[in-house]
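Chemist: need coordinates for the below:
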Amino acid sequence: MTTNTAPIKWAQRSDSLYITIALADVKDESIDLSDSTLKFEGKSDSKDYELNIEFFHEVDSNGSTYKVLPRSVQMHVMKKDKDQEEFWPRLLKDKALEKNQVKIDWDRYVDEDEEDEAGGFDMSAMEGGMGMGGMPGMGGMGG
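Modeler: Numbers count the residues shown, from 1 in each chain. Below is the predicted model of the structure:
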């Protein structure tokens, strides 16, 4: 059985990333977020999907959360270097992979100089969601 690459969309603020794995009714998901990579495996519509990306800069895996929703997997990933507080030019370290695997989440997109007006991400879909507790190396996160 072939494994498909999971489609992802992303948006950012100066302190965080909002990543959407655009698959409906995800089952048997495995999500492993480290400070430099994101690995995802899961089933949707009886097909196997995976994702293995390396971030442009390091993220704070302990301060990040995710929630599996009926139409997607939503992730709020905190940037590691809070002092830097700048927008990344792209999500992935590898520019070529970025073109093929990643789309901009235009629903959540804010231009860098308009961030103050727009505010943070609308996290209402993730309210009460699970943290990444229970994952190896991710201990003690609340949702």
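
Chemist: what's the end-to-end length of stretch 85-104?
Modeler: Using Cα to Cα, to the nearest Å, the span of stretch 85-104 from its first residue to its last is 20 Å.

Chemist: neighbouring contacts of that stretch?
Modeler: Stretch 85-104 has contacts (Cβ atoms under 8 Å, 6 or more residues apart in numbering) with 5, 7-12, 14-15, 17, 19, 51, 53-57, 79, 112. Bear in mind the C-beta positions are built from the backbone N, C-alpha and C, glycine included.

Chemist: what about 10 Å?
Modeler: The contact list for stretch 85-104 (Cβ atoms under 10 Å, 6 or more residues apart in numbering) reads 5-15, 17, 19-20, 22, 36-38, 51-57, 77, 79, 110-113, 115.

Chemist: now, of those residues, which are buried?
Modeler: Among the contacts of stretch 85-104, those scoring as buried are 6, 8-15, 17, 19-20, 38, 51, 53, 55-56, 77, 79, 110, 115 (criterion: 16 or more other Cβ atoms under 10 Å).

Chemist: show me these that map onto strands.
Modeler: Secondary structure assignment (DSSP state E) places 8-12, 17, 19-20, 38, 51, 53, 77, 79 from these within strands.
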